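J.: Structure of the sequence below:
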Amino acid sequence: MIKIRRADARGHFDFRWLNTFHTFSFGDYYDPSFMGFRSLRVINEDFVRGGRGFPTHGHRDMEIITYILSGALEHRDSMGNGSIIRPGDVQRMSAGTGVTHSEANPSREEAVHLLQIWILPAEPGLAPSYEQKAFTEDQKQARLCLVAAADGREGSVTVHQDASVYASVLSKDAEVVHSLTPGRHAWLQVARGEVTLNGELLNQGDGAAISAEEKIAIHGRENAEVLLFDLA
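T.: Okay, the predicted model is just below:
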């Protein structure tokens, strides 16, 4: 069973400095039908203008993944971490018992385009932690590259939940296939471009909840980039 969440049905706010689209309920956007999917709680597609960003604010008990599509984002947090996140980088911050952080676009001219992803941790009260790793275009080209997993296997960042996150870059007519273990579920998010999912057409910003499917076939209709979440 595949249930599609179209891009134009998402929550949307344009604050001039931030143009943001919410796949699931977040902040001032509330839809009781879209409170998340399994342990996946948030997918926000953000466009942040040059020289602007999110001031210092706090989180707790959440696994936060940042995935940059274009531009760059400067990160600072109360654990002492400071870094620039660029396309190809995957940042994981476990908020745990509490952390504060800020995110800013260091460029004055270029906007940054990113996906902010929240996953519920398997248990509350974990110690806050941070991790950032880079994945090349070749690693993701026409294959499902594991970028986040509970055990950090294959060089992925570690998330404290039974979830695996894959990234793939597809040229026209390229295809990747993922087998879904019985009892597990998946979410596909199209970050850019156009694909088909088991024959269903999806465009940039579209997402799809997938359950009771043995095989997930993602076919590039044009150059595309997708994230696939394999969830308990």
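
J.: Dump whichever strand or helix holds Val195 to PDB, keeping only the CA atoms.
T.: Take DSSP states H and E as the rule and Val195 turns out to sit in strand 194-197. Extracted as PDB, the C-alpha positions of strand 194-197 are listed here (Å, rounded to 0.1, in the frame of the first residue of the first chain):
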ATOM      1  CA  GLU A 194      10.900  13.400 -10.700                       C
ATOM      2  CA  VAL A 195      10.600   9.700 -10.100                       C
ATOM      3  CA  THR A 196       8.200   6.900 -10.200                       C
ATOM      4  CA  LEU A 197       7.600   4.700  -7.100                       C
END
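
J.: what's the average pLDDT for that strand?
T.: Here strand 194-197 scores 98 as its mean pLDDT.

J.: Any idea how far the next helix or strand after it is from the middle of the chain?
T.: Next helix or strand after strand 194-197 toward the C-terminus (DSSP H and E): strand 200-203. Averaging C-alpha positions (CA atoms, centre = their mean, to the nearest Å) puts strand 200-203 18 Å from its chain's average.

J.: ok, now stretch 78-85?
T.: On CA atoms, centre = their mean, the centre of stretch 78-85 falls 19 Å from the chain's centre.

J.: That stretch: which residues count as buried?
T.: 81, 85 (16 or more other CB atoms under 10 Å). Placement of C-beta: from N, CA and C, glycine included.

J.: ok, Lys3 - how many residues close by?
T.: Counted with other CB atoms under 10 Å, residues neighbouring Lys3 total 11.

J.: Oops, could you answer that again for Ser107 instead?
T.: Ser107, neighbours per other CB under 10 Å, totals 16.
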